[in-house]
Every structure is written in C-alpha cells, then in structure tokens.
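Colleague: predicted structure and sequence below. I'll ask about it afterward.
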Amino acid sequence: MKRQIALVLALAMAVVSAPVEAQFGGLKKKAQDALTGKKAETPPTPAPTPATETPATPAPAPTRAAAAPAEKKKAVPPLEMSELPVRQSADHVLRGSVNLRPNGDWDQLPYIPAAAVVAAHALSDSAQVALVETIGTALKSLVMSATFVAEHEQHIKAEHQAVDHGLKGVMGIEEALKKNDLKAIEAIQTRMVVAMSVDQVRMMPADLLKTSFEQELADWKKDAANPKRRDRAKFQKLVARAQPLEGLAASDEKFLRGYAVLKSIDNDGPDTEEAVFAIHQRVTQEKEQVAYDDYNLKGQLKRQLTTFIAIAAKVNFNAQTVDKNGTTLFVSPADEKQGALWKACFRAGPASTAAALKLARAWLAEL
C-alpha cells in the first residue's frame with residue numbers, strides 16, 4: 001500500500017509547483033530525521049531559502065591538482081526529497097494535466113517509486129505524522145516565498161495570458177452568463193466586438209487585409225448610394241473616412257488604425273481612434289485580469305486546499321476492504337468509486353490524515 005506517502009504527495013502536489021525539490025536544501029535532513037524515527041527537537045519553520053540550512057559541503061579546492069579524491073557516493077534513502085518525483089508530479093497537477101472529477105478529486109495519484117512505497121509502508125504511525133508535518137511545513141514556507149510567487153506569475157502569464165493590472169471586480173463573459181446578468185452581457189459583448197475589429201486588422205496578412213478593405217469599401221459605396229436605406233448616412237460616413245486610406249499600404253500604421261475604426265463604425269461602435277483603441281486596451285486588460293484572478297497562486301491554493309479539506313474530512317476509515325486476486329478492493333461500490341485523494345487518505349489512516357487536515361485548515365485560514 002502507498003499509505004501515508006500517497007497522502008503526503010497528494011497534499012504536496014495540490015499546493016506546490018515546479019521548483020520544489022531544488023529549493024529544499026537543508027530541509028531534507030529534518031524530513032529524513034522524521035522518516036527514520038529519530039528523536040529530535042521540534043524544528044522551527046524552515047526559511048524560504050535553503051542557503052543557511054544546506055548541509056555543509058566541502059568547499060572545492062582552488063586547483064585541480066590540489067583536489068582531494070572524490071569520496072564514494074553514499075546511497076540515498078528512498079524517502080529523501082531528491083528521490084521523490086516532486087517536480088514532475090507538481091507540474092502534472094498544477095499545469096492542468098491531472099484529470100479532475102466533479103468534486104475536485106483526482107483520477108490517480110502522482111507516480112511514486114516502488115522503493116519509496118516500501119520505505120513508507122514500514123514507518124510507524126508517529127513517523128508518518130511527523131512526515132506529514134515536516135513536509136507540509138517545508139512546502140508552505142517554499143510556496144509562500146516571494147521567489148516562488150514570482151515564478152508562478154511568470155508561468156501563468158506565459159501559459160494563460162494572466163496578468164495582474166490591479167483591476168477589481170472584473171466580470172468575464174462566462175461569469176455574466178452564469179449570473180444571467182443581461183446588462184453586463186450586452187456591455188461585454190459590445191466591447192468585445194470593438195476589440196475584435198482591432199485584432200482582425202492586426203492579425204490579417206497584408207495582402208488579404210487590402211483585399212478585404214477594397215471589398216468592404218465597394219459595399220459601403222453601394223449602400224451609401226442607396227436612397228432607400230435608413231442608415232445611408234452611416235455608409236456615407238464610412239466612404240468619406242475610407243477614401244484617405246485607399247492609397248496607403250496595408251502595412252502602414254495609419255491604414256491599420258484607420259481600418260480598425262472603420263470596422264468599429266460599421267458595427268455601430270465608436271468612431272474615433274482614441275475610443276476604439278481605449279476599448280481594445282480595456283478588453284485586453286480585463287481578459288488578462290480575469291485569467292489572473294483564476295490562476296494566481298493564492299486562488300490556486302484556496303481551491304486546492306478547500307478541495308483537499310472537503311474530501312479528507314469525509315473519509316470513512318471504517319470502510320471494509322476485501323482482497324481479490326491480489327488486489328485490495330472496497331466492499332462498498334460507493335467507496336470503490338471514490339477518487340485518488342479519498343483513497344490516499346483512507347490508506348494513510350486517521351492520524352496522518354488529521355495531521356494533513358490541520359495543516360491545510362491553518363494554511364487556508366491565513367489565505
């Protein structure tokens with residue numbers, strides 16, 4: 001059984017990201033003391049940077065000639081942080097590769113080396129609790145560090161175009177639809193149409209852009225000459241505003257900005273560059289802010305910790321199991337259908353799960 005190591009990695013993978021094991025440094029020794037059952041004083045909260053905690057390493061000799069022969073490399077315990085796939089599992093979970101169930105549970109736990117499973121299985125209950133507490137405290141210190149937050153923001157900016165512009169209360173189209181806020185939906189859609197005019201002009205290849213302009217201008221001239229159209233004045237305005245652009249190259253900035261304004265007018269939007277590009281900037285920033293509000297580290301932590309607490313608090317540790325062909329299964333079909341986090345907590349046992357819940361609740365309260 002994966003026992004408490006599954007629970008520890010389940011909690012760890014829920015709240016950390018890529019640079020974890022690279023930053024552990026001196027925390028490894030403290031965790032290993034807990035794993036091996038050594039009696040030690042309660043360790044203080046680890047510092048976010050490992051420089052002063054890292055076990056002393058002989059300084060390199062100044063020259064190759066003076067260098068001492070390398071000592072034989074010692075075997076690394078299987079529960080040492082460097083031996084666990086922390087980084088790979090964290091990337092898998094926090095970058096959207098994990099399959100989530102409707103309640104937020106996972107379909108499967110991160111991969112754990114067989115040697116780590118065997119070593120974890122042999123730990124006493126007290127060592128299991130110490131493992132949860134030690135790693136949980138270390139992970140919290142790392143995740144809340146300024147360096148970690150900055151790295152996370154760089155990642156979400158590259159992957160999700162998530163940027164914090166300091167905008168408050170921004171409502172995206174999806175949220176407006178969920179709330180059935182018709183006024184907000186209309187306002188958002190109006191701004192999006194204007195912004196799309198700019199995006200279309202910027203993204204379309206030059207040759208196609210010029211062709212599109214000529215075709216639209218021909219249509220506008222036709223409608224402008226039609227006395228039966230009630231909106232004839234709009235098309236006359238379009239033709240007049242388009243004429244100065246006819247002789248410009250499609251790559252000319254004046255042409256690009258002018259054509260974007262014409263498209264806005266055609267869609268009954270603003271008729272000035274200032275207004276059109278101000279709306280485009282607003283839509284871009286609001287979109288980036290909504291993404292940031294969704295993917296920022298604090299929000300991610302709240303969701304992951306809340307999910308973990310909700311699942312772990314409802315584990316039935318009295319659930320009956322049965323061995324079938326060498327595989328342990330739950331007697332109750334409902335228990336057998338539970339997700340990976342629920343089963344990890346069950347196998348870890350009440351003590352380790354309680355320790356993880358205590359950490360998660362305290363952390364969530366701080367957020």
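Modeller: Arrived safely. Numbers count the residues shown, from 1 in each chain.

Colleague: tell me how far the host helix or strand of Leu329 lies from the chain's centre.
Modeller: Per DSSP states H and E: Leu329 is located in strand 327-330. Offset of strand 327-330 from its chain centre (C-alpha atoms, centre = their mean, to the nearest Å): 34 Å.

Colleague: same check, this time on stretch 201-212
Modeller: 35 Å.

Colleague: what does the following helix or strand past the strand holding Leu329 contact?
Modeller: Proceeding N to C from strand 327-330, the next assigned helix or strand is helix 333-336, under DSSP H and E. Here helix 333-336 makes contact (C-beta atoms under 8 Å, 6 or more residues apart in numbering) with Asn316, Ala319, Leu329, Phe330. Backbone N, C-alpha and C define where each C-beta goes, glycine included.

Colleague: so among these, which ones count as buried?
Modeller: Ala319, Phe330 (16 or more other C-beta atoms under 10 Å).

Colleague: show me the domain layout of the protein.
Modeller: When the chain is parsed with automatic domain parsing, its domains come out as 3-162+296-366, 173-294.

Colleague: what's near enough to touch Leu301?
Modeller: With contacts defined as C-beta under 8 Å, 6+ apart, Leu301 is in contact with Val15, Val143, Trp363, Leu364, Leu367.

Colleague: and the residue nearest to Ala116 when sequence neighbours are not counted, which of the three is it?
Modeller: The spatial neighbour of Ala116 that comes closest, neighbours along the chain excluded (C-beta to C-beta, 6 or more residues apart in numbering), is Pro78 at 4.6 Å. Assigned state for Pro78: coil (three-state reduction, DSSP: H, G, I helix; E, B strand; the rest coil).

Colleague: roughly how far apart are Pro78 and Ala119?
Modeller: Distance, Pro78 to Ala119, by C-beta to C-beta, to the nearest Å: 5 Å.

Colleague: what do you get for Val76?
Modeller: In terms of C-beta to C-beta, Val76 sits 11 Å off from Ala119.

Colleague: go on, Ser264?
Modeller: For Ser264, the distance to Ala119 (C-beta to C-beta) stands at 65 Å.

Colleague: am I right that Asp323 is in a helix?
Modeller: No. Asp323 is assigned strand when assessed by three-state DSSP, not a helix.

Colleague: tell me what it is bridged to.
Modeller: Beta-bridge partners for Asp323, by DSSP bridges, are Thr328.

Colleague: ok, how many other residues are close to it?
Modeller: Counted by other C-beta atoms under 10 Å, the residues lying close to Asp323 total 8.

Colleague: how long is stretch 154-170 end to end?
Modeller: End-to-end span of stretch 154-170 (C-alpha to C-alpha, to the nearest Å): 21 Å.

Colleague: low-confidence stretches in this protein?
Modeller: Residues of the chain that meet the criterion pLDDT under 70 lie in 1-73, 81, 84, 86-98.

Colleague: quick one: what helix or strand has the residue lying farthest from the centre of it in it?
Modeller: Computed with C-alpha atoms, centre = their mean, the residue of the chain farthest from its C-alpha average is Pro227, at 56.4 Å. Pro227 belongs to no helix or strand when assigned by DSSP H and E.

Colleague: how far away is it from Gln236?
Modeller: Counting by C-beta to C-beta, the gap from Pro227 to Gln236 is 11 Å.

Colleague: quick one: stretch 169-180 to chain centroid distance?
Modeller: Offset of stretch 169-180 from its chain centre (C-alpha atoms, centre = their mean): 21 Å.

Colleague: list the contacts of that stretch.
Modeller: Stretch 169-180 is contacted by residues Asp181, Ala184, Ile185, Ile188, Gln189, Met192, Glu286, Lys287, Gln289, Val290, Asp293 when judged by C-beta under 8 Å, 6+ apart.

Colleague: right, I'll call it a day here.
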